[in-house]
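Student: Here is a sequence together with a model predicted from it:
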Amino acid sequence: MVKHDYWAMPETKSVLRLTVWLIVILWAALLTVMVLVPVTRLWLVVIGLGSTLASSWVVLRWAVKFSQRFDLALRQLDLTKAGTSNYAIDRNDEGLFSDLNNRLYQYARQMQAERTAVKRDRDQLSVAITDIAHQLRTPLAANNNLLEMMTAANWEVTRQELLAQHTRQAELVEQLILLAKVDTHTLSQTRQDVSVAALGKEALKPPLKPLLRMVADKQLTIDWQVSPDLMLHVNPALVKEALVNVLKNAVEHTAFGGQIQIIGIADPIRVRLKIINTGSPIAEADMPHLFERFFRGQYATANNVGIGLAIAAGITRENDGHLSAENTAEGVQFTFEFFR
């Protein structure tokens with residue numbers, strides 16, 4: 001830390017000049033009285049010397065205390081720069097420097113929080129890039145194998161497999177990009193009022209052919225219990241993506257001929273959307289990790305890479321909500337909670 005000559009600073013010089021002038025005025029007054037009243041000269045000299053010493057001691061004490069408190073404030077800034085600042089309660093004496101110390105502490109806490117957030121985002125981005133490369137390596141290798149084994153005899157079958165692989169890769173890339181945005185908190189913050197029923201219907205529109213085909217193949221029943229008047233203030237496109245991911249998970253884990261219920265409930269504080277499916281419960285060991293990125297549970301399907309629920313939970317958080325899961329008597333229940 002840079003040392004400062006506080007006696008040479010303009011603020012200190014002003015106080016010193018004021019003190020000197022006060023002492024000069026005091027001695028001028030005392031000398032005037034000495035001339036007019038000679039008998040009191042000794043007492044006046046004692047008073048003058050005492051006043052001079054007292055004034056000098058007060059100014060010296062003030063200057064030392066001022067320099068110490070200023071040094072402490074500068075040290076707080078240096079510690080903030082180094083990320084190791086702390087709060088000393090003994091400096092809180094309700095003075096001006098106490099207010100400065102409190103403000104510096106608030107600034108230090110804010111800087112530490114921002115530094116931690118930046119480091120977390122950088123680490124998450126690095127992990128996301130590594131994960132994306134890892135997840136893309138497997139399907140690309142599968143494509144290479146298919147191309148190497150392609151012959152005139154199996155050309156059409158291989159072509160269909162390559163097209164299917166290409167579709168899965170495109171979906172995977174979109175999901176990985178979305179996951180990276182969730183991890184780095186760069187999702188769109190644009191929000192609008194939207195009907196929950198409309199979001200649910202959008203999530204099951206014909207463009208989602210694989211999901212609808214799975215529903216048809218398993219002969220599943222989807223029971224809608226959502227009022228058309230139930231509204232949310234969210235980003236519709238992102239929340240629809242979250243719904244699709246949870247619905248896909250429910251469809252994959254619902255037994256043949258089973259049922260999926262979608263229930264909307266509102267109260268003065270929040271809107272809840274429950275997705276309940278019949279089938280096997282979630283293993284208790286999997287429950288704490290269910291919304292972690294790239295986590296594949298005990299009953300995960302072969303094509304599941306473990307990012308759908310992580311994306312759904314991240315999107316819900318970014319829209320001031322919460323996503324939870326629990327086992328029920330007949331299967332599994334996922335609950336979206338969006339606070340009003």
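Tutor: Structure's in. What do you need? Residues are numbered from 1 along each chain as shown.

Student: Please make it C-alpha for all contacts and neighbour counts, starting now.
Tutor: OK.

Student: Which residue ranges of the stretch 151-300 of the chain form helices?
Tutor: Using DSSP state H, counting those that start in this stretch, the helices of the stretch 151-300 of the chain run over 155-183, 196-203, 209-217, 236-252.

Student: Tell me which of these sits nearest to Arg69.
Tutor: Among these, helix 155-183 comes nearest to Arg69, with 42.6 Å by C-alpha to C-alpha.

Student: Just want the angle from that closest one to helix 236-252.
Tutor: Here helix 155-183 runs at an angle of 120 degrees relative to helix 236-252 (axes from the mean of the first three to the mean of the last three C-alpha atoms, to 10 degrees).

Student: who does helix 155-183 touch, helix- and strand-wise?
Tutor: With contacts taken as 3 or more C-alpha pairs under 8 Å, 6 or more residues apart in numbering; DSSP states H and E, helix 155-183 sits against helix 96-149, helix 308-318.

Student: and that helix, what's its mean pLDDT?
Tutor: The pLDDT scores in helix 155-183 average 74.

Student: List the buried residues for it?
Tutor: Residues of helix 155-183 classed as buried: 158, 162, 165, 169, 172, 175-176, 178-183 (neighbour count, 16 or more other C-alpha atoms under 10 Å).

Student: what do you get for stretch 309-316?
Tutor: Going by neighbour count (16+ other C-alpha under 10 Å), the buried part of stretch 309-316 is 309-316.

Student: got it, and stretch 192-206?
Tutor: 194-197, 199-200, 202-204.

Student: So which of the helices of the stretch 151-300 of the chain is nearest Ile263?
Tutor: Across the helices of the stretch 151-300 of the chain, Ile263 has its closest neighbour in helix 196-203 (9.9 Å, C-alpha to C-alpha).

Student: can I get the CA coordinates of that closest one in PDB?
Tutor: Output of helix 196-203 as PDB, limited to C-alpha atoms (Å, rounded to 0.1, in the frame of the first residue of the first chain):
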ATOM      1  CA  VAL A 196     -51.100 -22.300 -19.500                       C
ATOM      2  CA  ALA A 197     -53.500 -24.300 -21.600                       C
ATOM      3  CA  ALA A 198     -52.100 -22.700 -24.700                       C
ATOM      4  CA  LEU A 199     -48.500 -23.600 -23.700                       C
ATOM      5  CA  GLY A 200     -49.500 -27.200 -23.100                       C
ATOM      6  CA  LYS A 201     -51.200 -27.500 -26.500                       C
ATOM      7  CA  GLU A 202     -48.100 -26.000 -28.100                       C
ATOM      8  CA  ALA A 203     -46.000 -28.600 -26.400                       C
END
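
Student: Report all helices and strands that that helix contacts.
Tutor: helix 236-252.

Student: ok, 10 Å please
Tutor: strand 221-225, strand 231-234, helix 236-252, strand 259-266, strand 270-278 (3 or more C-alpha pairs under 10 Å, 6 or more residues apart in numbering; DSSP states H and E).

Student: and of those, who's closest to Ser14?
Tutor: With C-alpha to C-alpha as the criterion, Ser14 lies closest to strand 231-234 of these, at 59.8 Å.

Student: from the middle of its chain, how far away would the closest one be?
Tutor: Relative to its chain's centre, strand 231-234 lies at 22 Å (C-alpha atoms, centre = their mean, to the nearest Å).

Student: Now that strand: average pLDDT?
Tutor: The average pLDDT within strand 231-234 is 90.

Student: now swap in stretch 18-35 and tell me
Tutor: Here stretch 18-35 scores 73 as its mean pLDDT.

Student: Quick one: the helices of the stretch 151-300 of the chain as TSV, columns for distance to Thr32 too.
Tutor: Shown next, in TSV, are the helices of the stretch 151-300 of the chain (distance: least, C-alpha to C-alpha, whole Å):
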stretch	distance to Thr32
helix 155-183	81
helix 196-203	92
helix 209-217	105
helix 236-252	88
